[in-house]
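> below is the structure, and that's it, no one-letter string:
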């Protein structure tokens, strides 16, 4: 039996030789110090392993943070899926404009005269149009809403995957007559995708119609010439409530409005205004109705941003309310946007009657900065906010586009692109804006939010009036029609 040490290209090797059949355990090798080269290699391996572990761990944490941040931002109206490369045209529909959007169906006008058509969001194909014999004086279609309020400045919740559409058609039964009896309003409720008629009723006069919580609200003229308001469940074919009013109908029933927002229903005919409860139709006192506030946005910490209407006691303002109902802060002015509002942003923007822009800390209302010049007009003297992502605020200004630090008002970057004030979209890394061209065409351009460098551009046949995003589809509304883009 013997023992020895050898070395090959890979390093030191201990070798023990045993005699066959000896059965003896090998002796302990002598205490030979580990060679210096081996120690250095071992330390290097340990250091590299530790560094790799840190890098992988940091990358995982960063990826988790980015996913969490994206989830918070992705639910915001005006935020599109990640677009590192220019999207492609999926379909286009000339000669129409978008009336309303849901997750799978668009309501557009202009395919056949002024009639509304339902369009498949996937391929742009017209799904159906309401029947028209040419005898209608006026037609209108809209989704049957289940959310609290219709879109306001792009901030309210979208219609969602609406399943019904309500259409109203007014027929003049007595030519040249202007009394309510000379008109009849036919209300039909359709399946949003097939157009099948699910319910129908005829109303006297030029009726007023709106929707709320899956029901149809309508006001028609009673035998005394006053408006009677009804909440109708079309799928059950029954009325939830009927409420007679003292509101006198105008000629033809025109000059009025019926508008539901939150739990309040506004009935108007000429200068006469009445407030009703959406829940049971009871009359709401004017003092209580005047205190109603419009919810503009939900912040990431659970607080809500509300617009307080002006009254005799003050000019109104913006209210941030905690999730338990307590008021956190109130600032004077009107909501200045932007339509793309990151709920994580630490800044609240308010506009004065003179168009000046003021930024407040959303946590305590502290005034951070103001702008009174550089806007595209007197109505937006401080600049028109287009998008607020993190602490970067993108503004349309006289000279083009400017991005400032929302916390301090400090300019970050600017471009002289003649951006259309129709709005902007973002994917969290870039801001998407429409730029008109001198030849009557347009361009959709993505600019890096960090420094304003161009990421990509897509030529458009006409200038864009409106930019919308529905699921993974980017809708560009122009004077000549609507175009759908996808990654």
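Yep, it's here. Predicted, not measured: the structure shown is a model, and the values here were computed from it.
> on the three-state scheme, the residue nearest the centre of the chain is what?
With distances taken as C-alpha atoms, centre = their mean, residue 77 lies nearest the centre of the chain, 1.3 Å away. Three-state assignment for residue 77 (DSSP: H, G, I helix; E, B strand; the rest coil): coil.
> that one reaches residue 339, doesn't it?
Yes: counting by C-beta atoms under 8 Å, residue 77 touches residue 339, with 6.9 Å between them. (Glycine included, C-beta is placed from N, CA and C.)
> for residue 483, see how far away residue 124 is.
Distance, residue 124 to residue 483, by C-beta to C-beta, to the nearest Å: 9 Å.
> separation between the residue nearest to the centre of the chain and residue 340?
Residue 77 is 7 Å from residue 340, where distance means C-beta to C-beta.
> and residue 354, by the same measure?
Residue 354 is 25 Å from residue 340, by C-beta to C-beta.
> these two: who's more crowded?
Comparing residue 354 with residue 340 by neighbour count (other C-beta atoms under 10 Å), the higher total belongs to residue 340, at 27 against 10.
> just checking, that one touches residue 78?
Yes: counting by C-beta under 8 Å, residue 340 touches residue 78, with 3.6 Å between them.
> overlap in contacts of those two?
Common contacts of residue 340 and residue 78 (C-beta atoms under 8 Å, 6 or more residues apart in numbering): 154, 387, 423, 424, 425, 426.
> so which of those belong to strands?
Judged by DSSP state E, strands contain the following of the shared contacts of residue 340 and residue 78: 387, 424, 425, 426.
> residue contacts, the third one?
Read that as residue 425. Contacts of residue 425 by C-beta under 8 Å, 6+ apart are 78, 79, 80, 340, 387, 431, 432, 467, 469, 474.
> doesn't residue 93 make contact with residue 123?
No: using C-beta under 8 Å, residue 123 makes no contact with residue 93, being 10.3 Å away.
> higher neighbour count, those two?
Neighbour count, other C-beta under 10 Å: between residue 123 and residue 93, residue 93 has more, with 20 against 9.
> hang on, the more buried one packs against residue 119?
Yes: using C-beta under 8 Å, residue 93 is in contact with residue 119, at 6.6 Å.
> what's the overlap in contacts for the two?
Taking C-beta under 8 Å, 6+ apart as the criterion, residue 93 and residue 119 both touch residue 108.
> follow-up on the earlier one: shared neighbours, residue 124 and residue 483?
Common neighbours of residue 124 and residue 483 (C-beta under 8 Å, 6+ apart) are 91, 92, 93.
> and of these, the nearest to residue 305?
Of all those, residue 93 has the smallest distance to residue 305: 35.1 Å, by C-beta to C-beta.
> what helix or strand does the closest one sit in?
strand 88-94 (DSSP states H and E).
> what count of nearby residues applies to residue 85?
Neighbour number of residue 85 under other C-beta under 10 Å is 10.
> check what pLDDT it gets.
Residue 85 is assigned 93 on the pLDDT scale.
> and what of the one 3 residues further on?
At residue 88 the predicted local distance difference test score is 93.
> quick check: it vs residue 342, distance?
Between residue 88 and residue 342 the computed distance is 27 Å (C-beta to C-beta).
> before we move on, what about residue 480?
Separation of residue 480 from residue 342 (C-beta to C-beta): 32 Å.
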